[in-house]
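> would you be able to build a 3D model of this:
(one chain, ligands or ions: 1)
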Amino acid sequence: MQAQARAQPNIALIKYWGKRDLERNLPAVGSISVTLADLYSTMRVTVDPSLPEDVLLVNGDASRSMLARVSACMDQVAGGPRPAARVDSSSNFPIAAGLASSASAFAALTLAADAAFGSNRTEHELVNLAGRASGSAARSMLGGFVELENRDHEVAVSSLLEPEQWPLQVVVAITAPGPKPVSSGDAMEISRKTSPFYDRWIEQQSEDLGEARAAIHDRDLQRLGAVAEHNCLKMHSVMWGARPPLSYWNSATVACMQTIRDLQAQGMEVFFTIDAGPQLKAICAPPDVTAVRDALRTTAGVADVMVSGIGTGARLIAA
Ligand code: PMV
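A predicted model of the protein is given here:
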């Protein structure tokens, strides 16, 4: 059996940072994201009982580093003994660099594995299985503006707005395409155990979620930008306060923030967010996207700029 699925990364506007259950990989907080349209990961799962063990190819090259996580995800989806499989993964953007490639990859893998192994999981199970592999992957199962809610022993995702209901644009400024030095999972645990700001971060999250939900409901870009920037900078402050301190930024990340501040000072409705990596994502309305893209492209230290609309959730595609 063979199945193929495609999913796009999502960019968190209200961040997931911290785990409350390591074994189930349950987040300590709810989060809100937008799913992108133009960056994607495709995962093909080919069941092959003749293989001695699973094989993972990333953009055509054998990869051992991610194999254990990929195999564990397929084990969870299959839910019992299963034959070995070959997994072909490809992404049209830099992976493991704070661009949420794990979100798109594990959302697509969960769907493809379910179809290839004939597991017939419900949508709710698939969301939780994707989230178990990578917390943010649960959100890439849906399109548009997505809220992830933290329930007792599980997560639930819902769509706050479909992509066409608020077709914003996301400009990604790539300042360093290489893999990140510390995985987000490790960094979350260091934050939880050592940062004096961690508990306040957790306490304040529901307030930020409520504010973002209302701004999305009203399609109020300025209000959404204010709470999203606040939430992002708070998450990074938790990391800066950790021991050892965690900083994913480089000088170009800071220069990009200044570029966005300058555009805001000129009256443009645009805001930024930064995840566990040095790339900056700017969000704006379609008429401003060229100006935002050009301003970020000419910011010192920016290697590349990618533009994406807001897209749909993970889906099976012809293998
Ligand atoms: O899903 P993970 O384990 O890669 O963690 C994602 C963490 C952030 O991207 C920084 C925030 C988020 O909500 O996506």
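
> show me where the stretch 51-200 of the chain has its helices.
Listed in chain order, the helices of the stretch 51-200 of the chain (DSSP state H, counting those that start in this stretch) span 67-78, 101-117, 123-133, 184-194, 198-217.

> the stretch 201-319 of the chain too?
221-240, 251-265, 289-297.

> between these, which gets nearest to S101?
Set against S101 and scored by C-beta to C-beta, the helices of the stretch 201-319 of the chain come closest in helix 251-265, at 18.0 Å. All C-beta atoms are positioned from the backbone trio N, CA, C, and that covers glycine.

> buried stuff in that closest one?
For helix 251-265, a neighbour-count test (16 or more other C-beta atoms under 10 Å) marks A252, T253, V254, A255, C256, M257, T259, I260, L263, Q264 as buried.

> ok, these vs P49, which is closest?
The shortest approach to P49 among the buried residues of helix 251-265 belongs to T253, at 46.9 Å (C-beta to C-beta).

> spell out which parts of the chain neighbour the ligand.
Counting by C-beta under 6 Å from any ligand atom, the chain comes close to the ligand at 12, 15-17, 31, 100, 102-103, 134-136, 184-185, 275-276.

> least confident pick among these?
Lowest in pLDDT among the residues of the chain next to the ligand is A100, which has 65.

> quick one: end-to-end length of stretch 243-260, please.
30 Å (C-alpha to C-alpha, to the nearest Å).

> OK, contacts around A137?
A137 sits next to A7, S102, A103, S104, A105, F106, A107, T110, A130, G131 when contact means C-beta atoms under 8 Å, 6 or more residues apart in numbering.

> try 10 Å
7, 9-10, 25, 73, 100, 102-110, 127, 129-131, 314 (C-beta atoms under 10 Å, 6 or more residues apart in numbering).

> one more: T273?
Here T273 is in contact with 11-15, 33-34, 170, 225, 228-229, 231-233, 235, 260, 280-283 (C-beta under 10 Å, 6+ apart).

> can you rerun that using 7 Å?
Residues near T273 by C-beta atoms under 7 Å, 6 or more residues apart in numbering: I11, L13, A228, C232, K281.

> roughly how far does it sit from E23?
29 Å (C-beta to C-beta, to the nearest Å).

> same check, this time on N250
When N250 is compared with E23 (using C-beta to C-beta), they lie 34 Å apart.

> just D54 next, same as before
Counting by C-beta to C-beta, the gap from D54 to E23 is 22 Å.

> higher neighbour count, these two?
D54 (19 against 7; other C-beta atoms under 10 Å).

> the more buried one reaches A85, doesn't it?
Yes: counting by C-beta atoms under 7 Å, D54 does reach A85; the two are 5.6 Å apart.

> any residues in contact with both of those two?
Residues touching both D54 and A85 (C-beta under 7 Å, 6+ apart) are M74.

> could the contacts of T273 be laid out in a markdown table, adding distance to P49 and neighbour count?
Shown next, in a markdown table, are the contacts of T273 (distance: C-beta to C-beta, whole Å; neighbours: other C-beta atoms under 10 Å):
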| residue | distance to P49 | neighbour count |
| --- | --- | --- |
| I11 | 39 | 26 |
| L13 | 44 | 28 |
| A228 | 47 | 27 |
| C232 | 46 | 23 |
| K281 | 42 | 27 |
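
> out of the residues you listed, which is nearest to the ligand?
Using C-beta to the nearest ligand atom, I11 comes nearest to the ligand of the contacts of T273, at 7.5 Å.
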